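> Predicted structure and sequence below. I'll ask about it afterward.
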Amino acid sequence: MTTTDVKQIAFRDAGFKSSVLDNTRHLGCRVLHSTTDDVRIESHQNGLALITGTETWQFVRELDTANIVFQALCQDNLVTVQLPDQRIAYFQAEKLTKVNQNDLAVALACFIEQGYEHLDAMTLALAWLTQQARAAGAGWPEDRAWFPRTSFADDHVIADGAEFSSIRKELFTLYPVVDTVEWLALVLEQGVTTTQLRIKDPNDPDLKQKIQQAIALGEQHGAQVFINDYWQLAIELGAYGVHLGQEDIEVADLSAIQQAGLRLGISTHGYFEIMRAFNLKPSYIALGHIFPTVTKDMPSQPQGLTRLGQYVELINGAYPTVAIGGINAERLPKVKATGVDSIALVTAITRADDPKAATQSLLNAVISNAQGEAHAAVCE
Ligand SMILES: Cc1ncc(COP(=O)(O)OP(=O)(O)O)c(N)n1
Ligand SMILES: Cc1ncsc1CCOP(=O)(O)O
Ligand SMILES: [Mg+2]
């Protein structure tokens, strides 16, 4: 890291104390007393405030529903965050007895300065503080043991001890996501063992019939066919599994999906959502979008390979993982090298000059890569 990479954060209050100030260098940040920097921590009427380039965070004693900045309320080891859109997020730092507000403001500032989205920065900040409190160093937090449990208020809770049925990991290699039964048949005929039917028009008059055909094709080929979004039809028609995104899990009856024995894959886009997905004990976790994609409008930024590697490390085999977004033949080896289990893609197949040949070659690349890794591990 060169000195120009080091981010500077100021605290305005000369009496400000935090036990982690010396350790922020491990995060590429300097937090020091200054009155000039744009990104700063300052004492506020109601407590501390963190002013970043774009947002203000207030560390409050009571949440104010009329306030539209980020608010954080620390109570023992629970941090409750009220977002500008009034949603409430919880962060339970189970391995801390008490969250120190000043330390949290410093850590949060550092992770925001490193470009993390606010809820991800809060998740990382608490992991970093917990790691230090447990004398496990001040480096980048990687071990899930130090991470907080995260959730939104009103999140669906599945019954104690319940979990979603598992998938066959050896079949979770290349994961084409397609929007017609014809495409589904094509990829299955090329030997694909996990795939998804993703029809985005809920008013498609043949929706039910198409889902039924997709399920039947999956059974014929002994493949794991996931149905995107339409969880009621998937239950009714006995699908192998369902794929749901972050907004979908807020409205779906997850207990009904779990009790019907369907597998559940969940989309995630960062640390907060990954830890949130753990609450549901899903069948796999999707990580995206890795590169820019033309297939779907994404509200978040592409995650890139470094973050993908960090997420795979965090999940550490607890659930199968799949990377999605902008992956093609050229990028595939680097994506696989992060240790992610499966590669999901759309246009690398559906916009290929020869989709059958493209599927074959992507399958070979994923499988030979997996064998290469196994070989490397044996030879070490
Ligand atoms: C494997 C896989 N990963 C992510 C998605 C995206 O799901 P979601 O966020 O719900 O968006 P839509 O696909 O419903 O537009 C996916 N379908 N599959
Ligand atoms: C459905 C979805 N979810 C996140 S990225 C994406 C689309 C991926 O398509 P492509 O492989 O063409 O980038
Ligand atoms: Mg969806």
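Sure thing, it's come through. Computed from a predicted structure; not experimentally measured. Ligands and ions are numbered 1, 2, ... in the order given.

> CA only for contacts and neighbour counts going forward, please
Will do.

> Now do the residue of the chain found nearest ligand 1, the pLDDT please.
The nearest approach of the chain to ligand 1 comes at residue 245, 3.1 Å away (CA to the nearest ligand atom). Predicted confidence (pLDDT) for residue 245: 97.

> who are the neighbours in contact with residue 339?
Neighbour list for residue 339: 309, 312 [criterion: CA atoms under 8 Å, 6 or more residues apart in numbering].

> State the number of residues packed around residue 177.
26 (other CA atoms under 10 Å).

> which one is it nearest to, not counting chain neighbours?
Computed as CA to CA, 6 or more residues apart in numbering, the closest residue to residue 177 that is not its neighbour in sequence is residue 196, at 4.7 Å.

> swap in residue 99?
residue 77 (5.3 Å).

> Just want the phi and psi numbers for that neighbour.
Main-chain dihedrals, residue 77, degrees, to the nearest 10: phi -100, psi 20.

> can I assume it is in contact with residue 94?
Yes: in this structure, residue 77 is within contact of residue 94 by CA atoms under 8 Å, at 6.6 Å.

> can you list the residues of this structure near ligand 3?
Residues of the chain lying close to ligand 3 (CA under 5 Å from the ion) are 229, 244-245.

> swap the cut-off to 8 Å and go again
Along the chain, the residues adjacent to ligand 3 under the rule CA under 8 Å from the ion are 228-229, 243-248.

> Neighbour count added to those residues, as JSON lines?
JSON lines is the format used below for the residues of the chain next to ligand 3 (neighbours: other CA atoms under 10 Å):
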{"residue": "228", "neighbour count": "23"}
{"residue": "229", "neighbour count": "20"}
{"residue": "243", "neighbour count": "25"}
{"residue": "244", "neighbour count": "22"}
{"residue": "245", "neighbour count": "15"}
{"residue": "246", "neighbour count": "14"}
{"residue": "247", "neighbour count": "9"}
{"residue": "248", "neighbour count": "17"}
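
> Which pLDDT value goes with residue 233?
For residue 233, the pLDDT comes out at 98.

> For it, give me its contacts.
Residue 233 sits next to 208, 211 when contact means CA under 8 Å, 6+ apart.

> can you rerun that using 10 Å?
Residues in contact with residue 233, defined by CA atoms under 10 Å, 6 or more residues apart in numbering, are 207-208, 211-212, 227, 239, 242.

> likewise residue 214?
Residue 214 neighbours (CA under 10 Å, 6+ apart): 180-182, 184-185, 195-197, 208, 220, 225-227, 239.

> Same check on residue 199?
Counting by CA under 10 Å, 6+ apart, residue 199 touches 177-181, 207, 210-211, 227-230.

> what helix or strand is it on?
Using DSSP states H and E, residue 199 sits within no helix or strand.

> and it, backbone torsions?
In terms of degrees, to the nearest 10, the main-chain angles of residue 199 are phi -100, psi 120.

> now do residue 344
Main-chain torsions, residue 344, degrees, to the nearest 10: phi -100, psi 140.

> just checking, it touches residue 267?
No: when contacts are counted by CA atoms under 10 Å, residue 344 is not listed as touching residue 267 (11.6 Å).

> what is in contact with these two at once?
Shared contacts of residue 344 and residue 267 (CA under 10 Å, 6+ apart): 286-288, 322-324.

> What sits closest to residue 335 if chain neighbours are left out?
Nearest residue to residue 335 in three dimensions, chain neighbours excluded: residue 305, at 6.7 Å (CA to CA, 6+ apart).

> Helix or strand for that neighbour, just tell me which one.
Assigned by DSSP H and E, residue 305 falls within helix 304-315.

> Many thanks, we can stop here.
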